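In: Please work out how this folds:
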Amino acid sequence: MLFDLPHVLYIVISSVITIGLLILFGFTIKKESQKEFILKLFALLTVILHFSSVYVSFFQTGQAKVDATMLFPIYPCNVAMWLLVIVAFWKNKQSKGFMIIAEFVFYLGVVGSIIGIVFNENYAGNPNLANWDILKGLLSHSTMMVGCIYLLTGRFIKIRVKNVISVFLGLLFLLIDGGIIIGLYKLANMTPPNCMYLLETPFENMPWVNVGTIGLAGLLIVFITSAIVEAICVPKEQRWYNNLRNLRRKKDE
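Out: The predicted structure is shown next:
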């Protein structure tokens with residue numbers, strides 16, 4: 001059952017630790033090499049926690065239990081986890097490729113981590129933090145949250161309207177990823193999972209909340225949020241609409 005006392009306490013403690021760590025890093029981590037170490041650390045911690053249940057299961061029962069999400073990136077959070085590892089170990093962090101993936105991971109990872117902590121389906125089905133399968137699912141989302149937010153607070157990326165392009169490309173990747181995995185299951189004559197929610201809507205009682213509406217809402221939220229940030233933090237001549245106007249003028253010339 002969600003939002004029982006242990007779950008609420010976990011949400012509060014995780015939030016406090018996340019904020020505290022990010023503030024601590026902001027005051028103490030200044031060198032680029034140190035920033036990259038922090039990013040790599042939390043990316044790897046997320047992966048280690050995700051797979052840790054395999055070893056716990058083996059040493060408890062003598063058999064290793066491997067979930068489908070450990071074999072394939074079935075859900076958005078699985079994709080965010082691996083993309084966070086990729087950007088953490090990306091050598092040229094000034095390249096366009098890095099910026100596109102990092103900007104997408106920031107939004108996907110933060111939103112996915114919040115959902116994975118607050119509305120964790122596994123915890124809802126088995127509200128027991130003494131069960132490592134349940135606890136590690138929450139912990140891995142917490143470490144991913146720190147890593148993804150640090151992309152911003154560590155100044156690897158900036159919130160700008162151009163982030164919409166990165167998010168759009170990222171959403172296309174999720175659709176392709178989901179289609180490929182569903183296709184692999186069908187080729188093996190297996191019942192495919194609801195990969196990227198392409199087969200069923202996330203909420204049975206809200207059929208209008210589907211892949212299309214979620215994607216459009218996400219792009220709109222990113223645009224509004226980034227436009228507000230630009231209006232507050234960026235000089236007027238450098239804002240997205242002036243950049244777009246200048247681009248049109250160059251084309252006309």
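In: Could you double-check that Y55 lies in contact with Q63?
Out: No. Under the criterion of CB atoms under 8 Å, Y55 lies out of contact with Q63, with a separation of 11.6 Å. Any C-beta I mention is one placed from the backbone N, CA and C, and that applies to glycine too.
In: If you count surrounding residues, which of those two has more?
Out: Remark: of Y55 and Q63, Y55 carries more neighbours, 12 against 8, as counted by other CB atoms under 10 Å.
In: Tell me which stretches of the stretch 51-200 of the chain form strands.
Out: In the stretch 51-200 of the chain, no strands are defined using DSSP state E, counting those that start in this stretch.
In: Return, as residue ranges, the portions of it with sub-threshold pLDDT.
Out: Scanning the stretch 51-200 of the chain for pLDDT under 70 picks out nothing.
In: Which residue ranges of it form helices?
Out: For the stretch 51-200 of the chain, the helices defined by DSSP state H, counting those that start in this stretch cover 68-71, 76-88, 96-118, 121-125, 132-153, 163-187.
In: Need those in JSON lines (columns: distance to P193 and mean neighbour count).
Out: Below are those laid out as JSON lines (distance: least, CB to CB, whole Å; neighbours: other CB atoms under 10 Å):
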{"stretch": "helix 68-71", "distance to P193": "6", "mean neighbour count": "13"}
{"stretch": "helix 76-88", "distance to P193": "11", "mean neighbour count": "22"}
{"stretch": "helix 96-118", "distance to P193": "16", "mean neighbour count": "21"}
{"stretch": "helix 121-125", "distance to P193": "13", "mean neighbour count": "16"}
{"stretch": "helix 132-153", "distance to P193": "16", "mean neighbour count": "22"}
{"stretch": "helix 163-187", "distance to P193": "7", "mean neighbour count": "17"}
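In: S14: which of those helices is closest?
Out: Evaluated with CB to CB, the helices of the stretch 51-200 of the chain place helix 132-153 nearest to S14, the distance being 4.6 Å.
In: and the angle for that closest one with helix 76-88?
Out: Going by axes from the mean of the first three to the mean of the last three CA atoms, to 10 degrees, helix 132-153 is angled at 50 degrees with respect to helix 76-88.
In: picking that back up, present the helices of the stretch 51-200 of the chain as CSV; the columns should include distance to I13.
Out: Formatted as CSV, the helices of the stretch 51-200 of the chain follow (distance: least, CB to CB, whole Å):
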stretch, distance to I13
helix 68-71, 25
helix 76-88, 20
helix 96-118, 11
helix 121-125, 15
helix 132-153, 9
helix 163-187, 30
